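S.K.: Predicted model and sequence below, questions to follow.
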Amino acid sequence: MTTAARRTVTLTVNGAARSAPAEDRTLLSDFLRHTLRLTGTHVGCEEGVCGACTVLLDGEPVRSCLLLAVQAQGRTVETVEGLADDGRLNALQRTLKETHGLQCGFCTPGVLMSLTAAEREGLDEEETAGQVLAGHRCRCTGYAGIRAAVAARHRAPGAPKQAPRGGGAEAAG
């Protein structure tokens, strides 16, 4: 029987440099949860379908159950633990709470990470709801609460404004 190859994986997680040994076959989700003890990232289906394990890799939402930890070598990972400022919920988390966009909470970390990416990208309300709901399975809420959170977030004072997307003033002139 052969021993699985191990190496040190070094990456930036939630703004901090982290290094730890991992077998080459270790999934990023397992590395985050079991090695780094960041248990906010949930694992549901282990097939990339449910979205519960979504994290941001270099700012893009990815299914951490479909990536190996070694694929994140030298890259930046953001997890749900990195969203709160000094232990306080950020605006997006508060909105999801206030609109009852969660129930059991299992899918919530992945939904929050996808919503964070959509906000940063400047997606409008319809695009955000469509993108997030298409990539996540939530059996408790029927998605109504999540849709309400997206709508409330887009209406809120100080909410992220939609970024210009192709064909703006720069393209016209």
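M.R.: In hand now; what should we look at?

S.K.: mind giving me the domain ranges of this structure?
M.R.: Here the chain is described, according to automatic domain parsing, as comprising the domains 8-82, 91-155.

S.K.: least reliable of the ones you listed going by mean pLDDT?
M.R.: Mean pLDDT is lowest for domain 91-155 among the domains of the chain, at a mean of 85.

S.K.: Let me see the ranges of the helices in the protein.
M.R.: Using DSSP state H, the helices found in the chain span residues 28-30, 91-98, 108-121, 125-134, 144-155, 169-172.

S.K.: closest one to A72 among the ones you listed?
M.R.: helix 28-30 (5.5 Å; Cβ to Cβ). For the C-beta atoms, the positions are set from N, CA and C on the backbone; glycine is no exception.

S.K.: residues touching G135, list them.
M.R.: Contact analysis of G135 by Cβ atoms under 8 Å, 6 or more residues apart in numbering lists 51, 54, 61, 114.

S.K.: go on, A134?
M.R.: Per Cβ under 8 Å, 6+ apart, neighbours of A134: none.

S.K.: What's the separation between it and V55?
M.R.: 18 Å (Cβ to Cβ, to the nearest Å).

S.K.: What distance do you get for G105 to G145?
M.R.: 12 Å.

S.K.: The two: which is more packed in?
M.R.: Using other Cβ atoms under 10 Å as the criterion, G105 and G145 rank with G145 on top: 18 against 9.

S.K.: What about the nearest residue to the more buried one once chain neighbours are set aside, how many residues nearby?
M.R.: Leaving aside its sequence neighbours, G145 sits nearest to G101 (Cβ to Cβ, 6 or more residues apart in numbering; 3.8 Å). For G101, the count of nearby residues is 25 (other Cβ under 10 Å).
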